[in-house]
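Undergrad: Would you be able to build a 3D model of this:
(one chain, ligands or ions: 2)
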Amino acid sequence: MAPDRQLVVIDLHDFDNRRDEITAQLMHAAENVGFFYVKEPALTQMAETMFSATATFFALSDDQKANFAFRPAVNKGWEKLAQVRPSTGTADLKESVSLGFCDMEGLWPSDSVCPGFKDTATAFMLECEKLSVKLLSCFATGLDFPKDYFEKMHNIDKADCQQTLRCLFYHDVTGQVFPPGYWRAGSHTDFDTLTLLFQRPGEGGLEVCPGREAVTEFASSGEIWTPADPIEGAITINIGDMLMQWSDDKLKSTFHRVRTPGAGEYQGPRYSLAYFNQCDRSAIIQGPLKKYPPISGDEFLKAAMKRNYDALSKRKDQALQVERNAAAAP
Ligand SMILES: O=C(O)CCC(=O)C(=O)O
Ligand SMILES: [Fe+2]
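TA: Residues are numbered from 1 along each chain as shown. Ligands and ions are numbered 1, 2, ... in the order given. Prediction:
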């Protein structure tokens, strides 16, 4: 059956009275496409303040930002031209700073360096959290779990909480031409449960490729990409690998990527904000049908990173072999 490519916009107004209708819409979008939009103008308005704060942060010198360098063990901090996806083998043309409710010791810029950054980011993350709890309660009901099932396992008050806000800054590429294989963000799925992605109108480039049937499959089936452009007042939402596994593959974690704009398109900077709902390290992931063995949030993320690392190593080995063969050719 051809995949349903329509990215629907779901309106959450009168949430408490319309919960069943909204749950049905969310489940349909998550089962068929894995990407959809949720209308939430108050939160997209608040995101504008966060976008300004991130622009101030990214405008610091690299030396200053290096004080908040990325810590892989906790997935927090700043990195630049560093994230290499197995799908491309090249570093994404971007920098990012990942923030959270815990594991942030020494990673917050002070007010003298970046005025109000910590307060703005914390207030914004708390609002993202509120929306996430609402959406996750619908998915819990839709999967026949208790309503607060996911909320309990994404607990921002716990020391092993892994909720993360990644602020992204894709550099100005005006006038630059990149060879094929260079992406603002190479094709990937998110490792998390649910991503809330804030994009700004006029700064597009995100594309999605539905069609993946099992969370264990690396590639998506088919290579037909559909734009997921920013919509004013709406948040782009996608299912991640954790929820795909937690739903026994019923809800789809879809491949997506961000194109590098070419000549004739807007090639200026692009900012986005991704709030990754990732379950606590100690939470146990297993679907109602027990299709996959139980796995902790900690093990799940480590396994996902290892899968990426192995795929990347394989890619490098293959490239090296091609080089060696070419050098050995008469
Ligand atoms: O910036 C975007 O639009 C997408 C970012 C993304 O997919 C990610 O960081 O996982
Ligand atoms: Fe992503």
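
Undergrad: ok, and the closest non-adjacent residue to residue 178?
TA: Closest residue in space to residue 178, ignoring its immediate chain neighbours: residue 260 at 5.5 Å, by CB to CB, 6 or more residues apart in numbering. Quick note: C-beta positions are derived from backbone N, CA and C, even for glycine.

Undergrad: Please give me every residue in contact with the one you found.
TA: Applying CB atoms under 8 Å, 6 or more residues apart in numbering, we find residue 260 in contact with 93, 173, 178, 182, 183, 184, 205.

Undergrad: Need the buried ones from the residues you listed selected in ChimeraX.
TA: Selecting only the buried entries of the contacts of residue 260 in ChimeraX, with 16 or more other CB atoms under 10 Å as the criterion:
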select :93,173,182,183,184,205
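
Undergrad: Run through the contacts of residue 260 and flag the ones next to ligand 1.
TA: Restricting the contacts of residue 260 to those touching ligand 1 (CB under 6 Å from any ligand atom) yields no residues.

Undergrad: can you list the residues of the stretch 51-200 of the chain near ligand 1?
TA: Near ligand 1, when you scan the stretch 51-200 of the chain using CB under 6 Å from any ligand atom, you find 166, 168, 185, 190, 197, 199.

Undergrad: Could you verify that the second one is part of a helix?
TA: No: inclusion of residue 168 in a helix is not indicated when DSSP: H, G, I helix; E, B strand; the rest coil is applied; the result is strand.

Undergrad: From residue 326, how far out is it?
TA: 36 Å (CB to CB, to the nearest Å).

Undergrad: Pull out the buried residues from stretch 283-295.
TA: Buried residues in stretch 283-295, defined by neighbour count with 16+ other CB under 10 Å: 283, 285, 287, 292, 295.

Undergrad: Now tabulate these in TSV and tack on secondary structure and pLDDT.
TA: Below are the buried residues of stretch 283-295 laid out as TSV (DSSP: H, G, I helix; E, B strand; the rest coil; pLDDT from 0 to 100):
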residue	secondary structure	pLDDT
283	coil	98
285	strand	98
287	coil	97
292	coil	97
295	strand	98
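
Undergrad: Put together JSON lines for those, with distance to ligand 1 on each row.
TA: Output for the buried residues of stretch 283-295, formatted as JSON lines (distance: CB to the nearest ligand atom, whole Å):
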{"residue": "283", "distance to ligand 1": "21"}
{"residue": "285", "distance to ligand 1": "19"}
{"residue": "287", "distance to ligand 1": "23"}
{"residue": "292", "distance to ligand 1": "23"}
{"residue": "295", "distance to ligand 1": "21"}
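
Undergrad: Farthest-apart pair in those, please.
TA: Spatially, the most separated pair among those is 283 and 292, at 14.6 Å (CB to CB).

Undergrad: Report the contact partners of residue 290.
TA: residue 248.

Undergrad: mind listing what the residue nearest to residue 297 when sequence neighbours are not counted touches?
TA: Spatial nearest neighbour of residue 297, excluding adjacent residues (CB to CB, 6+ apart): residue 279 at 4.0 Å. Taking CB under 8 Å, 6+ apart, we find residue 279 in contact with 150, 153, 154, 162, 193, 242, 285, 297, 300.

Undergrad: Show me what residue of the stretch 201-330 of the chain gets nearest to ligand 1.
TA: residue 272 (3.5 Å; CB to the nearest ligand atom).

Undergrad: ignore the last one, the stretch 1-150 of the chain
TA: For the stretch 1-150 of the chain, CB to the nearest ligand atom, closest residue to ligand 1: residue 96, 7.2 Å.

Undergrad: Figure out the helix or strand that the residue of the stretch 201-330 of the chain closest to ligand 1 lives in.
TA: Residue 272 belongs to strand 270-277 when assigned by DSSP states H and E.

Undergrad: tell me how far that strand is from the chain's mean position?
TA: 7 Å (CA atoms, centre = their mean, to the nearest Å).

Undergrad: Then stretch 22-33?
TA: Taking CA atoms, centre = their mean, one finds stretch 22-33 lying 19 Å from the centre of the chain it belongs to.

Undergrad: Please pull out the lowest mean pLDDT helix or strand from this structure.
TA: helix 297-328 (a mean of 84; mean pLDDT, DSSP states H and E).

Undergrad: buried residues in it?
TA: Those would be 297, 300, 301, 304, 308, 311, 312, 315, for helix 297-328 by 16+ other CB under 10 Å.

Undergrad: Turn those residues into CSV, including distance to residue 232.
TA: Shown next, in CSV, are the buried residues of helix 297-328 (distance: CB to CB, whole Å):
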residue, distance to residue 232
297, 34
300, 35
301, 34
304, 33
308, 34
311, 37
312, 37
315, 39
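
Undergrad: picking that back up, how about the residue of the stretch 1-150 of the chain closest to ligand 1, what does it touch?
TA: 78, 79, 83, 166, 167, 168, 169.

Undergrad: Can you tell me which of these are classed as buried?
TA: 78, 79, 166, 167, 168, 169.

Undergrad: which one of those is nearest residue 102?
TA: residue 166 (15.5 Å).

Undergrad: ok, the closest one touching residue 94?
TA: No: taking contacts as CB atoms under 8 Å, residue 166 lies outside contact range of residue 94: 10.2 Å.

Undergrad: Contact partners for the closest residue in space to residue 250 that isn't next to it in sequence?
TA: In space, and not counting its chain neighbours, residue 250 is closest to residue 31: 6.0 Å by CB to CB, 6+ apart. Contact partners of residue 31, counting by CB under 8 Å, 6+ apart, are 250, 251, 252.
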